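*Asks:* let's see this in three dimensions:
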Amino acid sequence: LNLCQNKLAPTQPSQLAPSKSMASIRSARGFQFGVGLMFGVSIGAISAAVQGHRAGEAPLEAGGERRKSGPKWLPSFVPAFESMQFKRSACEGAQKERQVAHRPQLQAAFQEPSKTPDPKNHPWIVAGSATPSTLLPEERIITFLVANAAAGKVKEVKRDWSFLPPHMHAAGMEALLQNHLLVGFPRTINAIAAVHQVGVESTADWMTEPKGDPAYWRTRGEEALGTIYGAKYERLRQRMEKLHPVLDSIMAEHAYGRVISREGALSLRMRELCVVAVLTGQDVQPQLQSHLYGARNVGASAEEIAAVVGQTKLPWGVQAQEQATNTLQEFLNDIKTLERAKLEGGEHQSDGAGGSVERRSKM
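*Replies:* Predicted coordinates for the structure are as follows:
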């Protein structure tokens, strides 16, 4: 209707046709669209006709020839169309063969990231100084792990865990569990949640707990305290009782009875080395000094202890390293005094507070 009105209406200067260039562009576009449409419809029609020609083939006649149905011109298109279909099928088949051939490489590429890196390739081990051979790379990674967890460095916790072999996951979980005794629940929870995101080997070593009542845990805790603190045990209990009776009970029953004395995945030696790694960055020199002696009492060598203290700057910084080194030097000096006293035939006992008490043997 509008077109008719436009034809009947008088032509005004403002209603003149568009420029010749625009008209030619539109005409070219229309021609291209028309050709494409005609070509697509033609191909579709030929395909449908060929399929119909095949479906319409009559049974063999008496002469052995098959009577064709459909237009007379159609059989001439069948060979060309079948050739096109054959080439297309061949290309699709070759593509599928290439996909199947490359499938093992693709699967290997996707599975590669799940492979645990060599602990020796941990960046802190590669860049660090030499350590005693008795302190295994996996054990060093656990000390990195607990220190970063205590410092709240979740990204580094994930990295450390990725270098920990699956058979050491139970030890790592035990080390993280005891962190709540030193830095509280929030950072411990965040660290354990982070390693679960990386992937944890589920074993009964860290997922179960023996049944017991407070008396049972207290007995176990007192045994662990006696082993770690040695001659300082009685003085420690008296001091804790004086500070707060409930704090003394929590220390014996929960900290050392229910957590530190858990057996299986993590030895007392490694537990104490982990405690040292955590305390070095918290400016708690009296407690750090006590656990330097505690680590030695449960089997850690002076070289192993020095190696753990020597890595303090990595998670905690240079200032923490200086403080921890000073405390370590006092500890090492006292150890040398102890060894010298033994050679001289005397008996030496450290008081765990930077000083010493010598008791000469009576002849």
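*Asks:* make it CA atoms for all contacts and neighbour counts henceforth
*Replies:* Will do.
*Asks:* which element is the spatially closest residue to L135 that is not a sequence neighbour on?
*Replies:* Spatially, and ignoring its direct neighbours in sequence, L135 is nearest to E304 (6.3 Å; CA to CA, 6 or more residues apart in numbering). Element membership for E304, per DSSP states H and E: helix 302-310.
*Asks:* okay, now the unreliable bits of this protein?
*Replies:* For the chain, the stretches flagged by pLDDT under 70 are 1-114, 346-363.
*Asks:* distance of the residue nearest to L135 from V259?
*Replies:* In this view, E304 and V259 are 23 Å apart by CA to CA, to the nearest Å.
*Asks:* wait, the residue nearest to L135 touches P132, no?
*Replies:* Yes. The pair E304 / P132 is scored as a contact, 6.4 Å apart, by CA atoms under 8 Å.
*Asks:* circling back: dump the residue contacts of the residue nearest to L135.
*Replies:* 131-132, 134-135 (CA atoms under 8 Å, 6 or more residues apart in numbering).
*Asks:* gap between it and P286?
*Replies:* E304 sits 20 Å away from P286, taking CA to CA as the criterion.
*Asks:* can you check S202 too?
*Replies:* Distance from S202 to P286, counting by CA to CA: 37 Å.
*Asks:* equivalent analysis for L328, please.
*Replies:* 11 Å.
*Asks:* then V308?
*Replies:* Per CA to CA, V308 is found 17 Å from P286.
*Asks:* quick check: F331 is in a helix.
*Replies:* Yes. Counting by DSSP: H, G, I helix; E, B strand; the rest coil, F331 is part of a helix.
*Asks:* residues near the nearest residue to V318 once chain neighbours are set aside, how many?
*Replies:* Nearest residue to V318, sequence neighbours excluded (CA to CA, 6+ apart): T312, at 7.9 Å. If you count neighbours by other CA atoms under 10 Å, T312 ends up with 26.
*Asks:* right, and T312 touches Q321 too?
*Replies:* Yes. T312 is within contact range of Q321, at 5.1 Å (criterion: CA under 8 Å).
*Asks:* ends of stretch 308-320, what's the gap?
*Replies:* 13 Å.
*Asks:* ok, residues contacting stretch 227-235?
*Replies:* With CA under 8 Å, 6+ apart, stretch 227-235 has contacts from 225-226, 290, 293-295, 297-298, 351-352.
*Asks:* what is the nearest of those to E139?
*Replies:* Using CA to CA, A295 comes nearest to E139 of the contacts of stretch 227-235, at 14.2 Å.
*Asks:* and the gap between the closest one and G317?
*Replies:* Distance of A295 to G317, computed by CA to CA: 23 Å.
*Asks:* equivalent analysis for L182, please.
*Replies:* Using CA to CA, L182 is found at 19 Å from G317.
*Asks:* which residues sit against whichever helix or strand comes after the helix holding E304?
*Replies:* The helix or strand immediately downstream of helix 302-310 is helix 313-316, counting by DSSP H and E. Residues lying outside helix 313-316 but in contact with it, judged by CA under 8 Å, 6+ apart, are 124, 144, 147-148, 151, 280-281, 319-321.
*Asks:* tell me which two in these are the farthest apart.
*Replies:* Spanning the widest gap among the contacts of helix 313-316 are W124 and Q319, at 18.6 Å by CA to CA.
*Asks:* what is the burial count for the closest residue to H254 other than its chain neighbours?
*Replies:* With sequence-adjacent residues excluded and distances taken as CA to CA, 6+ apart, H254 is closest to W217, at 7.0 Å. W217 is flanked by 22 other residues according to other CA under 10 Å.
*Asks:* please name the residues that touch W217.
*Replies:* Contacts for W217 (CA under 8 Å, 6+ apart) come out as 252-254, 257-258.
*Asks:* check which helix or strand covers it.
*Replies:* helix 214-229.
*Asks:* what's the first helix or strand after that helix?
*Replies:* Trace forward from helix 214-229 with DSSP H and E and the next one is helix 233-243.
*Asks:* what residues of that following helix count as buried?
*Replies:* Within helix 233-243, the residues scored as buried using 16 or more other CA atoms under 10 Å are R237.
*Asks:* what packs against the following helix or strand past it?
*Replies:* Sequence-wise, the next helix or strand downstream of helix 233-243 (DSSP H and E) is helix 245-249. In terms of contacts (3 or more CA pairs under 8 Å, 6 or more residues apart in numbering; DSSP states H and E), helix 245-249 is packed against helix 233-243.
*Asks:* quick check: phi and psi at T280.
*Replies:* Geometry field for T280 lists phi and psi as phi -60, psi -20, criterion degrees, to the nearest 10.
*Asks:* next, the contact list for it, please.
*Replies:* Taking CA under 8 Å, 6+ apart, we find T280 in contact with 288, 309, 312, 316, 320-321, 323-324.
*Asks:* how does it look with 6 Å?
*Replies:* T280 sits next to A324 when contact means CA atoms under 6 Å, 6 or more residues apart in numbering.
*Asks:* tell me how far it lies from R296.
*Replies:* Note on T280: its distance to R296, by CA to CA, is 16 Å.
*Asks:* brilliant, that's me finished.
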